[in-house]
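> okay, sequence plus prediction incoming.
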Amino acid sequence: MDKLQTINYFIDRNILVSPDFLEKEIDVDDFFDKVVDLDSKPLVFNQDILNAINVNNKLPSINWIEFEKAKVNVELGGEDIVYDTFMGIINYNVNLEVKQKVDITVKEIKKDVPIDIQVSNDECEGSVVVLQNYQEEIKKKEVRDFVEHFKGRYNSIKKILLSRSELQDSVSISRLSSRKEGDKCALIGIIVDIRKTKNGNILARIEDLTGRVNILFSKNKGEVFSIADTLVLDEVIGLTGNLGNKIVFANSLILPDIPISHELKKSSEEGYAAFIGDIHLGTNLFQADDFMKFIKWLRGEHGTDKQKEIVSKIRYLFIVGDLVEGVGIYPGQENELTIKDIKLQYDELARYLKMIPSRIKIIACGGNHDAMRIAEPQPVFDKKYASSLYELPNFLAVSNPTIVNIHSSESFPGFDVLLYHGFSFPYYADNVQEIRSAGGLDRIDMIMKFLLQRRHLCPTHTANLYVPDSRGDPMVIEKVPDFFVTGHIHKVTVSNYRNITMINSSCWDTQSSEQERRGIVPDTAKVPIVNLKTRQVKIMNFFGGVNERNE
């Protein structure tokens with residue numbers, strides 16, 4: 001067939017093709033047989049789609065309308081981020097060494113929320129579903145974006161608080177003016193000011209979308225005062241109290257918190273997940289020998305027979321940021337670098353990760369040392385610099401933060417894993433008295449619990465660098481996870497809060513001059529391994545050897 005005959009052939013069968021689709025000769029009957037029964041297909045078939053079908057013999061179910069918008073945007077000279085994301089999903093399983101049944105979907109992109117990308121697998125072994133993956137809103141930032149950002153935070157957490165019975169009758173602050181002194185009231189607001197009075201009480205000022213009001217937490221209120229003493233600026237709280245003269249005397253303080261009823265999930269299918277972070281490859285402090293021991297352990301070349309049996313069941317490896325050391329991160333860093341080109345740092349890391357068995361899914365988010373903006377939320381790794389990672393068939397790049405569901409099956413919903421590198425941690429270690437007195441950065445478990453109680457990864461405006469998003473606040477913890485996994489502080493900790501397993505990963509470097517300045521003493525080469533059937537955690541120690549302990 002010539003081009004015109006090919007076009008007419010497809011038009012007769014309700015299929016539209018783009019000009020580049022006809023650049024190569026194709027077997028039209030064979031192609032039609034592959035696409036005729038697809039439940040979901042693109043509006044217009046182009047060469048990229050043709051190549052994907054020729055390799056996979058099928059297409060995933062995604063939002064093809066949004067795909068077409070992204071394609072047109074690229075053709076008009078716009079950013080290719082969204083289009084590349086779609087094509088990455090379409091080609092997700094092209095090179096997997098272990099063939100799997102994969103169902104890949106992209107939810108509709110709504111104006112008021114960041115894009116959600118899903119990559120799912122119907123088989124229990126190795127299933128990965130990215131539930132929340134931040135996509136940058138590319139636009140000039142204005143004051144209005146900050147307003148919408150905080151409004152989005154307030155509304156999201158307000159929905160969580162309204163599930164509490166004490167706040168069912170909450171009113172807007174503006175309606176307090178119509179009430180009498182002494183009346184009971186329930187409010188939900190965001191803290192705009194907080195301080196201790198000369199009498200030792202706590203005076204906070206909160207606001208909602210209608211106004212502001214002062215709240216007094218009396219030192220005689222025991223538990224209420226104790227919770228109030230941990231409050232920080234910009235967090236959203238609920239309270240009940242009695243109305244005074246332009247003030248509310250608080251009787252209770254309600255944090256959004258994790259529901260007590262949150263289920264401790266356990267899989268009927270045995271499998272393991274390993275958690276690492278802060279590899280910092282590229283510095284002369286990187287513990288290459290210990291990291292290689294870990295790689296060989298994953299390959300079944302190290303360890304006891306019992307450990308090798310566990311290794312054979314590891315399906316997931318999470319890396320929580322700072323995969324490489326980066327360049328220009330702090331003054332004098334160049335004196336500690338063995339690789340002074342960040343792309344070469346990623347290339348060297350890819351050489352290590354390539355040795356990991358392909359049955360193990362590697363899920364990685366970035367950190368403040370990686371090739372991306374330092375402001376949170378952080379998008380995925382820059383493909384210009386980290387291209388070698390994207391070439392690994394079992395590597396999945398996600399944003400920081402993100403929520404990933406793993407190990408799901410027809411009979412089991414899987415585990416939701418919240419990943420956050422942890423850049424905000426030092427602020428709360430220094431500014432929350434309860435955490436500071438207990439040891440500050442040595443009590444990562446307390447910081448993680450603190451953030452879960454606030455249902456936000458960085459509630460205070462000055463606690464981190466961030467980019468306001470007019471679609472909402474991506475740092476809100478709307479979905480309750482089963483695992484909360486972090487890094488940044490270079491200390492391994494494992495704890496539990498309301499059936500959420502909290503893991504702060506170890507690191508793979510020794511103390512740098514910057515860490516010494518910040519008072520961080522690294523806990524090097526320790527890897528938490530979780531049995532997904534029992535939720536038991538073992539910590540493998542690769543620093544100088546291969547040892548283990550149970551948590």
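Cool, the structure landed.
> which stretches of the stretch 351-500 of the chain form helices?
Along the stretch 351-500 of the chain, the segments classed as helices by DSSP state H, counting those that start in this stretch run 383-390, 425-431, 433-438, 444-454.
> point out the other helices and strands that the second one packs with.
Identification of packing neighbours for helix 425-431 by 3 or more Cβ pairs under 8 Å, 6 or more residues apart in numbering; DSSP states H and E yields helix 433-438, helix 444-454. Every C-beta, even on glycine, is put in place using the N, C-alpha and C of the backbone.
> and the shortest one, how far out from the chain's middle?
Mean C-alpha position of helix 433-438 versus that of the full chain (Cα atoms, centre = their mean, to the nearest Å) differs by 27 Å.
> list the buried ones in it?
For helix 433-438, the neighbour count (16 or more other Cβ atoms under 10 Å) marks residue 435 as buried.
> contacting residues around it?
229, 230, 428, 429, 430, 443, 446, 447, 450 (Cβ atoms under 8 Å, 6 or more residues apart in numbering).
> stretch 199-207: which residues count as buried?
Using 16+ other Cβ under 10 Å as the test for burial, stretch 199-207 gives 201, 202, 203, 204, 205, 206, 207.
> could you check how far the first one is from residue 229?
Going back to what we said before, that points to residue 201. 11 Å (Cβ to Cβ, to the nearest Å).
> can you check the fifth one too?
Distance of residue 205 to residue 229, given as Cβ to Cβ: 16 Å.
> just the buried residues from the contacts of helix 433-438, in ChimeraX please.
Burial among the contacts of helix 433-438 is assessed by 16+ other Cβ under 10 Å; the matching ChimeraX selection reads:
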select :230,428,429,443,446,447,450
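> where does this structure dip in pLDDT?
Residues of the chain meeting the criterion pLDDT under 70: 1, 39-40, 55-57, 60-63, 73, 76-82, 84-86, 88-126, 544-551.
> name whatever forms a beta bridge with the residue nearest in space to the middle of it.
Residue closest to the mean C-alpha point of the chain, counted by Cα atoms, centre = their mean, is residue 402 at 1.7 Å. Following DSSP bridges, residue 402 is listed with bridge partners residue 133, residue 419.
> equivalent analysis for the one 4 residues further on, please.
Under the criterion DSSP bridges, residue 406 forms beta bridges with residue 128, residue 415.
> ok, it - contacts?
Here residue 406 is in contact with 127, 128, 129, 273, 315, 316, 361, 414, 415, 417, 532 (criterion: Cβ under 8 Å, 6+ apart).
> one more time with 6 Å, if that's ok
Residue 406 is in contact with 128, 316, 414, 415, counting by Cβ atoms under 6 Å, 6 or more residues apart in numbering.
> ok, now residue 339?
Counting by Cβ under 6 Å, 6+ apart, residue 339 touches 282, 345.
> helix, strand or coil: sort out it for me.
Secondary structure state of residue 339, per DSSP: H, G, I helix; E, B strand; the rest coil, is coil.
> give me the neighbour count for residue 297.
Residues near residue 297, counting by other Cβ atoms under 10 Å, number 21.
> run through who's touching the strand or helix carrying it.
Residue 297 belongs to helix 288-298 when assigned by DSSP states H and E. With contact meaning Cβ under 6 Å, 6+ apart, helix 288-298 is reached by 302, 303, 352, 355, 356, 508, 525, 542, 543.
> buried among those? Make that a ChimeraX selection.
If you want just the buried ones from the contacts of helix 288-298 in ChimeraX, going by 16+ other Cβ under 10 Å, the selection is:
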select :302,303,356,508,525,542,543
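> and which of the contacts of helix 288-298 is nearest residue 141?
Proximity of these to residue 141 (Cβ to Cβ) peaks at residue 508, which lies at 35.6 Å.
> against residue 507, how distant is the closest residue to residue 283 other than its chain neighbours?
The shortest distance from residue 283 to any non-neighbouring residue, by Cβ to Cβ, 6 or more residues apart in numbering, is to residue 325 (4.2 Å). Distance of residue 325 to residue 507, given as Cβ to Cβ: 11 Å.
> alright, that wraps it up for me.
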